[in-house]
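[1] Kindly return the folded structure for what I paste below:
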Amino acid sequence: MKEERQGDGMKRLLLMIRLRMKLTLTTKTSLLSLVLLPVIIVLFMYTFFDMTVEEARIPVAVANLDETDYSERVIEKLGENSRIRLEVTDEHTMKQLVLTNEADSAILFGAGFKEEILMGEKNSLIHVYQSDSSLAVPFVKEIVASEVMRFISNYQAAERTVELRDKYELEVDSGTWLEAWEYTDGQWEPEPLMSVAATELPLYQQGVVAGEGERAAEKGLRTLLLLISAVLMFFLFSLAYWVIEDKEQNFQKRFLLSGVKPWQYFVGSSVPALLLGGVQLFFLLGLLVYLVPESGGWIGSAALMLVLYVLCSCYLGILLAAFFRSKKYALLTGIAVVAVFTTFSAVGVPVFPLNFVVPQYLLIEGVNGSSFFEPAIYLGGITVALFCISFLVVRWKYGFRS
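    Predicted coordinates:
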């Protein structure tokens with residue numbers, strides 16, 4: 001008898017899962033939209049943010065009439081600066097870019113740039129063009145002047161080192177000049193006398209506290225995690241509206257009369273959402289690896305944290321939906337919750353007790369922070385708590401009794 005009851009219970013559970021999956025995937029396009037739409041949204045938003053960051057950099061045009069290794073080295077260093085967006089072109093186009101406001105300012109490396117450096121000249125080595133609408137010229141001049149002076153200092157120090165070693169008949173090999181250059185270049189970025197904890201707050205940069213992180217965060221990883229977590233949570237919330245739909249269509253009484261127990265109804269209804277969330281997670285994790293190729297150090301922790309996050313978001317969505325009679329109000333509340341959680345997680349500043357209860361913040365800290373186990377434990381605990389609370393609320397809210 002006991003075995004028969006267990007068999008009947010499993011049959012009812014499987015029937016609930018099949019029924020809920022059919023109700024969720026009413027058309028053939030439903031699966032594609034539920035699985036691929038999150039990936040498309042994340043890719044679009046990440047591309048938008050990436051373009052926004054690129055446009056936020058100061059546009060500067062450069063023309064190189066010198067065309068020597070010296071001027072090319074300085075231009076290369078300028079291009080590595082994250083605050084300016086460099087466009088190398090000819091002299092005529094360079095001036096047109098400034099006149100049409102496509103470039104804030106322009107830099108001209110005249111012919112003889114290398115020769116003047118070799119003669120020890122430091123004045124008027126480059127020429128800066130600007131228009132009446134140029135705003136960042138002083139800043140651009142400062143960056144260009146510092147890079148040129150850095151190059152000159154490195155060159156003079158290397159030449160002086162070789163000269164002195166020849167003078168005192170010391171050994172000079174092919175690497176002496178380069179060694180002196182690299183040593184001098186390193187002095188432009190000396191070690192600080194003291195360390196100060198600082199956090200970068202912009203949404204499109206990773207927020208890493210100096211001196212605390214044991215591993216450096218890959219560029220763009222925090223942005224992707226924010227986008228993925230927000231999209232995943234919103235879609236999992238939308239899959240939890242079966243609570244409201246069943247109430248509207250009086251499905252609960254039918255299930256009760258057919259012998260479906262509360263736990264079978266709850267688990268059988270939530271499993272399809274978890275399965276779809278798992279498929280979404282698979283594609284989003286692949287997108288994450290594709291956009292951030294250096295994934296060897298964090299891909300394992302990201303997969304585990306995202307699985308916990310899917311479970312947590314699913315049961316949080318069920319809990320919220322259980323308190324509403326209309327999908328419209330549940331949708332508005334879900335959007336507000338996702339927006340608040342995303343904003344808090346984007347800032348990245350721990351605020352007690354939010355830093356222990358916001359799933360998105362714990363997800364990002366577990367993947368992109370200095371510790372994995374503590375956020376994973378907190379997120380796992382929240383998931384278990386939400387499962388128990390949402391089950392009790394669904395059971396008692398709609399009059400289930402064991």
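
[2] what's the host helix or strand of Val340 in contact with?
    Following DSSP states H and E, one finds Val340 within helix 327-347. The set of residues external to helix 327-347 that reach it, using Cβ atoms under 8 Å, 6 or more residues apart in numbering, is 201, 203, 207, 226, 229-230, 233-234, 237-238, 241, 244-245, 316-317, 320-321, 324, 351, 354, 358-361, 363-364. C-beta coordinates here come from the backbone N, C-alpha and C atoms, glycine included.

[3] Restricted to helices, list the residues you listed.
    Among these, the members found in helices (DSSP state H) are 226, 229-230, 233-234, 237-238, 244-245, 316-317, 320-321, 354, 359-361, 363-364.

[4] Buried among the residues you listed? Make that a PyMOL selection.
    Listed next is the PyMOL selection for buried residues among those, using 16 or more other Cβ atoms under 10 Å:
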select buried, resi 226+229+230+233+234+237+238+244+316+317+320+321+359+360+361+363+364
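
[5] still on that earlier bit, buried by neighbour count: which residues of the helix holding Val340 qualify?
    In helix 327-347, counting by 16+ other Cβ under 10 Å, buried: 327, 330-331, 334, 337-338, 341-342, 344-346.

[6] Now do the SS call for Val62.
    At Val62, secondary structure determined by DSSP: H, G, I helix; E, B strand; the rest coil is strand.

[7] my read: Arg83 touches Val60, true?
    No. With contact defined as Cβ atoms under 8 Å, Arg83 does not reach Val60; the gap is 9.9 Å.

[8] These two: which has the busier surroundings?
    Ranked by neighbour count (other Cβ atoms under 10 Å), Arg83 and Val60 place Val60 first, with 28 against 12.

[9] I'd assumed Ala103 was in contact with that one.
    Yes. Under the criterion of Cβ under 8 Å, Val60 makes contact with Ala103 at 6.1 Å.

[10] which residues are in contact with both of these two?
    Both Val60 and Ala103 are in contact with Glu87, where contact means Cβ under 8 Å, 6+ apart.

[11] which stretches of this protein form strands?
    Under the criterion DSSP state E, the chain contains strands at 58-64, 84-89, 105-109, 126-130.

[12] export stretch 271-281 as CSV, just CAs?
    The C-alpha coordinates for stretch 271-281 follow below in CSV (Å, rounded to 0.1, in the frame of the first residue of the first chain):
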residue,chain,number,x,y,z
VAL,A,271,9.9,22.8,-11.9
PRO,A,272,9.1,24.0,-15.4
ALA,A,273,10.2,27.5,-14.5
LEU,A,274,13.4,26.1,-13.1
LEU,A,275,14.0,24.0,-16.3
LEU,A,276,13.4,27.0,-18.5
GLY,A,277,15.6,29.1,-16.3
GLY,A,278,18.3,26.4,-16.6
VAL,A,279,18.2,26.5,-20.4
GLN,A,280,18.4,30.3,-20.3
LEU,A,281,21.3,30.0,-17.9
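
[13] Pull out the buried residues from it.
    Across stretch 271-281, burial judged by 16+ other Cβ under 10 Å covers 271-274, 276-277, 280-281.

[14] Just give me how far it sits from the chain centre.
    In this view, stretch 271-281 has its centroid 22 Å away from the chain centroid, taken as Cα atoms, centre = their mean, to the nearest Å.

[15] repeat for stretch 326-336
    On the basis of Cα atoms, centre = their mean, stretch 326-336 sits 26 Å off its chain's mean C-alpha point.

[16] okay, that stretch in CSV with CA atoms only?
    Extracted C-alpha coordinates of stretch 326-336, given in CSV (Å, rounded to 0.1, in the frame of the first residue of the first chain):
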residue,chain,number,x,y,z
SER,A,326,-3.6,40.8,-11.0
LYS,A,327,-0.6,40.0,-13.2
LYS,A,328,-0.3,43.7,-14.0
TYR,A,329,0.4,44.7,-10.4
ALA,A,330,2.7,41.7,-10.0
LEU,A,331,4.6,42.8,-13.1
LEU,A,332,5.0,46.3,-11.9
THR,A,333,6.2,45.1,-8.5
GLY,A,334,8.6,42.7,-10.2
ILE,A,335,10.1,45.5,-12.3
ALA,A,336,10.5,47.7,-9.2
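
[17] Pairing partners for Val60 in the sheet, please.
    Taking DSSP bridges as the rule, Val60 bridges to Leu86, Ser105.

[18] OK, contacts around it?
    Val60 is in contact with 78, 84-87, 103-107, 140, counting by Cβ under 8 Å, 6+ apart.

[19] For stretch 147-157, list every residue counted as buried.
    For stretch 147-157, the neighbour count (16+ other Cβ under 10 Å) marks 147-148, 150-152, 154-155, 157 as buried.

[20] centre of the chain versus the helix holding Val340, how much separation?
    In terms of Cα atoms, centre = their mean, the centre of helix 327-347 is found 19 Å from the chain centre.

[21] do the same with stretch 68-78
    Distance of stretch 68-78 from the chain centroid (Cα atoms, centre = their mean) equals 32 Å.

[22] Next, the buried residues of that stretch.
    70-71, 74-75, 77-78.

[23] Repeat that for stretch 158-165.
    158, 161, 165.
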